[in-house]
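Q: how would this look folded up:
(2 chains)
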Amino acid sequence: MTPSDVRLQSFPPDGLPDPFGPEPAVIRAVEPETPGVATFWLELQDAGRQAAYRCEPGQFNMLLVPGVGEVPISISSASGEQPGIGHTIRFVGTVTRVIERLRPGDVLGLRGPYGKGWPLEQARGQDILVVAGGLGLAPLRPVIRMLLARRSEYGRLLLLYGARQPVDLLYHREYAGWEQQGLAMLVTVDRADATWTGRVGVVPTLLGRIDFDPTRTIAFICGPEIMMRFTVYELLARRLAPGRVFLSIERNMQCGVGLCGRCQLGPYFVCKDGPVFAFNRIGRFVNQEHF
Amino acid sequence: MPMSGGVPPLGRTVVLNKPDLGPILDRLWQAGYTVIGPTIAQGAIVLDEVRRLDQLPIGWTDEQEGGTYRLKRRADGAYFGYVVGPHSWKKYLFPPQLSLFTLRRTQDSFQVQPNQEPVPRYAFLGARSCDLHAIEIQDRTFLYGPSVDPHYRARREGVFVIAVNCSQAAPTCFCTSMQTGPKAERGFDLALTELPDAFIVEVATPRGADLLAGLPYREATGEELGAAARVVRDTAASMKRRLDTRDLPELLYNNLEHPRWDDVAKRCLSCTNCTMVCPTCFCHGIEDVPDLDGQRAERVRLWDSCFNPAHGYVAGGLVRPDIRSRYRQWLTHKLASWIDQYGVSGCVGCGRCITWCPVGIDITEEVAAIRGSGGHEAVERSGAGASQPEGSR
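A: Below is the predicted model:
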């Protein structure tokens, strides 16, 4: 038997689903969130597939507008949440600007979920520090919901959240409920308006207002890269181990399954190895400008 | 000992008259293969369908250097007296443009219609060792990674390969540094070594043996085997270019701010040529091609390049906004992070990126500069490698 025979016989089995093929998903509801941002609640058209759909907080789906294109959107709902699979979308690109015009009953393509989410198992029994900037709260919303649903399994739960302006604060309808269920929240805005009576300043400044025990705290961070960088510096300076700091990274993801190469970050494909990474794995690469 | 007439035993090495490559071509076409091989077009030796022997660049050779490629007549009538051109087999296994499927609008939804075009069964004639390694490297991306690409798989499985051991090296070749040649060690059905008036043929698979059935071949003599071994040994020994691969991933990761990146960024045009001719580069994008009536949209996969600004586009802007960061991405991926991702380097030493770079940027020189030594010094230091051409990966 020669090597080339061996190789030919070890080919992976035929008949695997096309990893690029979308499934039709119906828009069940559209919730306006902030200027230029809304949450689209989708349900797979095939009822059986919808019933079987499971996802982990921090994963994402590829959403397709036939004839226009496909975009990766993080899942902002918890598994099984009603009225479907939630996607909080900012209308900034070719595809999302078309999605903006869609209404309940319209159909999109969906494939997923993809990627590795937040390490909720590892975080059990720990104090959880969630730090989010702007739309970065979207992939953390299911984390907050799951932490609160199992409130007794975790220690202190603290959310630091900031947005550019008060009108940009996501999910503000839910804050009171979260606080009632045992989440402590500090909120800030970069720029106040006449209605704002809260804190002003960028998100990392909130860290100066809190105490945490680095031996039992795990941090989940998502937001603009610059905000994440300064947040991580501050946390590490305060003795939080890099392995306890988790970030959700944004890159250009086109296939979602580690084939297209567009989302590379050093040795990683963000779509399949992330988008959530422990800082000790990616620190040397995310600190490198334009890498 | 004559063996003509039957099926040669596996693992044997036989002698075949050169013109008997003709009947082999015929048999492959008759068996349903689309035979791809070297041929002359666009002033270069490119890969295309080959039906007759006279379509091969018999009696031609190529002259290559950084940013330079010229065809030239040979003094002899060698069939394979040249090295690799701008094309690689990648364009058949991973086509530059491929329709994945079509979305067809229905009353309240859409349907996914798979691309029904039949996939050709390919026979590759004249594949060099570096390119066979490149195919194995792309297998790791498309077949043995976290997900299987069915489109690649359909083309790759069952490819018939007739390899050719290189009888000369271009000044741009450095396969000995990457331990990918010049002798083909695996991944073929038959491997040819060209002598002045015959091919020495290694029979590696049953279907390779079947292909020779009834042809007037004979078992190679010890002298002929020695001559064939000398061909690849001389090719290896003549290879001038070197890439010092010692601790390469760490060298590059530790030098992400090296001034050489600024230097190469001044020369690089970000034209993407290196990634297009590279036999292992796999980056791609997927685009929608809608019909005018809005009823159908094709999803089309297209080669992309990390030298295109939009390769790393995210809503906030470009991940790699300048040439410096894009060249650094290409080089560190090829030589460092590829090893993290797939366990092997992404470079096979074929030299295409050097030849086809319009400004002659040389990957080996860039690495040598980062290593803190000039290219020539590096040649001297690792010159001993020339006597070990057949290293295994």
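Q: How many residues are close by the closest residue to residue A:137 other than its chain neighbours?
A: Nearest in space to residue A:137, with sequence neighbours left out and distances taken as CB to CB, 6 or more residues apart in numbering or on different chains, is residue A:170 at 4.7 Å. For the C-beta atoms, the positions are set from N, CA and C on the backbone; glycine is no exception. Counted by other CB atoms under 10 Å in any protein chain shown, the residues lying close to residue A:170 total 23.
Q: residues near residue B:23, how many?
A: Each residue near residue B:23 was counted by other CB under 10 Å, and the total is 17.
Q: what does the one 5 residues further on give?
A: Residue B:28 is flanked by 21 other residues according to other CB under 10 Å.
Q: Against chain A, how distant is it?
A: Look at residue B:28 and chain A: by CB to the nearest CB, to the nearest Å, they are 16 Å apart.
Q: helix, strand or coil for the residue sitting nearest the centre point of chain B?
A: The C-alpha lying nearest the average C-alpha coordinate of chain B belongs to residue B:131 (CA atoms, centre = their mean; 3.1 Å). Per DSSP: H, G, I helix; E, B strand; the rest coil, the local secondary structure of residue B:131 is helix.
Q: okay but it is in contact with residue B:279, surely?
A: Yes. Under the criterion of CB atoms under 8 Å, residue B:131 makes contact with residue B:279 at 5.6 Å.
Q: Between those two, which contacts overlap?
A: B:88, B:89, B:348, B:350 (CB atoms under 8 Å, 6 or more residues apart in numbering or on different chains).
Q: which of those lies closest to chain A?
A: residue B:89 (14.4 Å; CB to the nearest CB).
Q: Let me see the contact set for that closest one.
A: For residue B:89, the contact set (CB under 8 Å, 6+ apart) comprises B:36, B:47, B:124, B:127, B:131, B:134, B:135, B:279.
Q: Quickly check those residues for the two that are furthest apart.
A: Greatest spatial distance among these (CB to CB): B:36 and B:134, at 14.8 Å.
Q: Same drill for those two, tell me which one is more crowded.
A: Neighbour tally, residue B:36 and residue B:134, criterion other CB under 10 Å: the higher count belongs to residue B:134, 28 against 22.
Q: Quick check: chain neighbours aside, which residue is closest to that one?
A: Nearest to residue B:134 is residue B:279, by CB to CB, 6+ apart, at 3.5 Å.
Q: Repeat that for residue B:202.
A: Leaving out its chain neighbours, the residue that sits closest to residue B:202 by CB to CB, 6+ apart is residue B:191, at 4.2 Å.
Q: For the one you found, name its beta-bridge partners.
A: Following DSSP bridges, residue B:191 is listed with bridge partners residue B:163, residue B:202.
Q: one step back: the residue nearest to residue B:134 contacts residue B:348, correct?
A: Yes. Assessed by CB under 8 Å, residue B:279 is found in contact with residue B:348 at 6.5 Å.
Q: Mutual contacts of these two, please.
A: B:130, B:131, B:134.
Q: What about the first one, how many residues nearby?
A: Per other CB under 10 Å, the neighbour tally for residue B:130 reads 26.
Q: Return the distance of it relative to chain A.
A: In this structure, residue B:130 and chain A are 17 Å apart, going by CB to the nearest CB.
Q: Show me which residues of the stretch 151-300 of chain B are close to chain A?
A: Residues of the stretch 151-300 of chain B found near chain A (CB under 8 Å from any CB of the partner chain) are B:153, B:156-158, B:161, B:185-189, B:204-206, B:253, B:256-257, B:282-288, B:290-291, B:294, B:297, B:299.
Q: Counting neighbours, what do you get for residue 213?
A: Going with chain A. When neighbours are counted by other CB under 10 Å, residue A:213 comes out with 12.
Q: not quite, I wanted chain B
A: Using other CB under 10 Å, residue B:213 has 13 other residues around it.
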